[in-house]
Every structure is written in C-alpha cells, then in structure tokens.
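Q: my questions are about this predicted structure, shown below with the sequence.
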Amino acid sequence: MATQAPTPLPPAEARSLRDLSPTQWKSGIAAWLGWLFDGLDMHLYTLVAAPFVAQLLMVASTASDEVKEKSSWIQAAFLIGWALGGAFFGRLGDIIGRSRALSLTILTYALFTGLSFFATQWWHLLIFRFVAALGIGGEWAVGSTLLSETWPKRWRPWIAAVLQTGVNLGVLLACLTGYVLSDTEPRYVFLVGIVPAILVFWIRRHVPEPAEWHAAKASGNSKAPPVLDLFRGKIARTTILTLIVCASSLSAWWAFMFWHAQHLRHLPEVATLATPDINRLVSTTFATVIGVSIVGNFFSGWLARRVGFRNALVIMFLGMAVTLWAAFAVDRSAVSLSRFWMPAVGFWSGVFGLFTMFLPPLFPTLLRTTGAGFCYNFGRIAAAAGTVFSGALTAGGNFRQTLFAIGFLALIAGLTAPLMPAHPPDSES
C-alpha cells in the first residue's frame, strides 16, 4: 500500500466550508463514503432474506417456520458481528490510528459481502454475514471518531446529519440494486457489495491520522488505556447509561427494519402477487423509509442545535415509540403501511445520526473509538436477541403485534437518555 500522508498540524476552527483544510475535506469524504458503503452492504441481505434463505433451504414457501427461523439467526449473527467489530476495530483505531483502521474495516465488509454470493448452505451465509458485520461495526466507531477529531466541534449536529445521510443513501443504493435485480436469483445482489474495496486504496494514500490522535500518542502516556477503564471511576456511569440507550433503541430499530419487510410480504393483498412484484414493492417501501430517514437526519440535527443533544434524543425516541404504536395497533392495508406508516417510523431513525457526534467526546482520546464503538455496537447484541425473540413470538407472517411491542424499547431509550451526562456537544450546540 501507499505511504501514509504526513501528519498535519491541528487546523484552526473553520467558520465556513471554504475555511476547511484539505485534510478535513479528505477525512470527511473518507468517513462519508465509508458510511455510504456501510449502508449498501448492511441492507442487501435484508431485502432478499426470505427468498434467498428459502432457496438455500430448498423450501418452497418464504413464510415457512424454517425460513423465518434461519433468516432471523443469520440476521442475529450479523448484529453480533457488528457489535464485536465495533469493539475490535474501535480498539484497533485507538492503537494503530483512525485512517489505517478505517481501511481495514471497509476491506473486511466489502470482501465478505461479495462472498455471500457463493453461499450454498444457510450457515455459509451466516458466516459471511457475521464477518462482513465485523467491518461494518468497526467502520462506525472509526469513521465517527475521525470526523469528531478533525471537523469543527460547533458543526457536530450537522456533521451527524450528513454522515448518517451517507448510510441512508447507501441503503437506497441497496434498494435500487434489489429493484433492478428483482427478476434474478437473490444471490446476485451481494456482488454489488464488493465495490467499496476500491475506496481503501484512496484512503491509505490521502487520509492522514488526526492531529489529536498523534498528540495523544506523543504524550507522556502513549499507551491506550485498558478496556476495563470504561467501567471504572466516573466514566463507568456514562458507559452503563450509554449501553442502555444504545441497546434498547437499536433493538427497536433493527427489529422494525428486519420484520417490517417480512410483514409487508405476507399481507393478504401482497402475498398473492407475482414474486417480482412483491420484491419491487418491498424494495420501493424500503427506499421510501430510508428517503424519509434522510429528512429525519436533518430534523434531528436542527433539534440538537435548538435544545441540545440529550433533549433531541428524548424527543426522537419518544416520537419513534408513539409512531410504532399508532402504526401497528390495528390491522392496516399494505397501501397505508407502505406509503405512510412505515416511512413515518423511518423519520424518527434520524436520531441515530446524532450518536456519531454525541458518543465519541464522552470518552478520553485513547479510549474514544473503543468506548464509542463498544457502547454503540453492544446494542447490536441486544438487537440480535430481539430479532430472534420477536420472530419466535410471531405466528405465520403477521408481525403486527411484534412491531407494536418494539415501541416500548424506544420508550426505554427515551426515558434513559436524560440521565446521560452533559458534555461538549450540548454546550457547543
């Protein structure tokens, strides 16, 4: 690989886009593209889960209990891999640097998403998705820290919105892939996931390590603190509260993201359609949910500027809970769900963009990607359990009661968020 770019001096606080240094632009582009491809690779499976797993199991009906069970286990493995990847690559980012670790995360999720094409057994797919998730989880921890250390602190609410929009646009690319390839075998969508590997070569040549990381490494104690420091002293309370918020909110969101597509597929007026038509409906609904999520990103950023990060978290989580309850309290038609209620839930997912700038500054510099990555991605383990558990509660293909129940998880996040400590993002908003 190419020689690492020279270490920059800490930039002066920029007041406008034209004041940003070339290093800041490169860091921003690298993190944003990493998140774009994150979104692409993470949701390719969600779009084709039922038909692909049915094909691997050689089962005719996508509504069979075996397909439901195995597809939920694959998704659970993915979420656990995401959690472990956040912790592993987060730690690596503190030790070897943000740019180097970012390159490794992207290479990991690109290659193993592509390998999913070659799965011939359901457990092959489980392994490939698990390893790909290691990179996806790590990219969140490293990319968010890279941005928080290089871009102006007063811009954090808007940086959060723009960064999350990269994920949303990646998901839209996944939806487009599913739509265009709706007449082909489900496995072909995974070949698109190889594309992000190209980005690694540009990052290694052009994106230097943040000056703040270099300064911390050059200080008297350049060794990264042990991971157990997250649970010691004053930082322990922050770690525990952050784990609760992340676990409950991510469980709610991922249960919705995975099961709403399955619920839509098996509504009476949808189940009788031809398979390509069902695939296109699921893809377009998914795209609409994510398109509305982009609006939610900027709304949450505006909200954080107005009322602070913690209050914005409370409002967004409570909004998600109420919308889930309203959407799934009664039986609704595929038209009302796909055109209004499901996208309305997506709007409140803009809250997750705030995490990118809210979490890293809670932790010391040499524990920053470790702490943010561990806390945020630990929620994936809870989400994995929630995905399997919620699937087990559901009879047939009707997930209405399950989708209604996950609103209470969003409520828990909303009630816990105000207990989190005040820190620079609140004061700088």
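A: That came in fine, so what should we check first?
Q: where does the prediction get shaky in the stretch 51-200 of the chain?
A: Applying pLDDT under 70 to the stretch 51-200 of the chain flags the ranges 63.
Q: give me the residues contacting the helix or strand harbouring F352.
A: Assessed by DSSP states H and E, F352 sits inside helix 351-358. Contacting residues not belonging to helix 351-358 are listed as 140, 143-144, 147-148, 156-157, 159-161, 163-165, 246, 249-250, 253, 296-297, 300-301, 304, 309, 312-313, 316-317, 320, 376, 425 [CB atoms under 8 Å, 6 or more residues apart in numbering]. C-beta: built from backbone N, CA, C; applies to glycine.
Q: quick one, helices of the stretch 251-400 of the chain?
A: Taking DSSP state H, counting those that start in this stretch, the helices of the stretch 251-400 of the chain run over residues 268-271, 275-307, 309-328, 334-336, 342-347, 351-358, 368-393, 400-405.
Q: of the contacts of helix 351-358, grab the buried ones for ChimeraX.
A: To isolate the buried members of these in ChimeraX, using 16 or more other CB atoms under 10 Å:
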select :140,143,144,147,148,156,157,159,160,161,163,164,165,246,249,250,253,296,297,300,301,304,309,312,313,316,317,320,376,425
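Q: which one's the longest helix in this structure?
A: helix 22-57 (DSSP state H).
Q: downstream neighbour of it in the secondary structure list?
A: Per DSSP H and E, the first helix or strand lying C-terminal to helix 22-57 is helix 65-96.
Q: for that next one, packing partners?
A: Helix 65-96 sits against helix 22-57, helix 98-115, helix 122-150, helix 235-265, helix 368-393, with contacts defined as 3 or more CB pairs under 8 Å, 6 or more residues apart in numbering; DSSP states H and E.
Q: and the helices of the stretch 251-400 of the chain as JSON lines, adding mean pLDDT?
A: Listed next are the helices of the stretch 251-400 of the chain as JSON lines, based on pLDDT from 0 to 100:
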{"stretch": "helix 268-271", "mean pLDDT": "87"}
{"stretch": "helix 275-307", "mean pLDDT": "89"}
{"stretch": "helix 309-328", "mean pLDDT": "96"}
{"stretch": "helix 334-336", "mean pLDDT": "92"}
{"stretch": "helix 342-347", "mean pLDDT": "96"}
{"stretch": "helix 351-358", "mean pLDDT": "84"}
{"stretch": "helix 368-393", "mean pLDDT": "70"}
{"stretch": "helix 400-405", "mean pLDDT": "87"}
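Q: A54: which of the ones you listed is closest?
A: Each of the helices of the stretch 251-400 of the chain was scored for nearness to A54 using CB to CB, and the closest is helix 275-307 (10.7 Å).
Q: now stretch 205-224: how far from the chain's centre is it?
A: Mean-position distance between stretch 205-224 and its chain equals 26 Å (CA atoms, centre = their mean, to the nearest Å).
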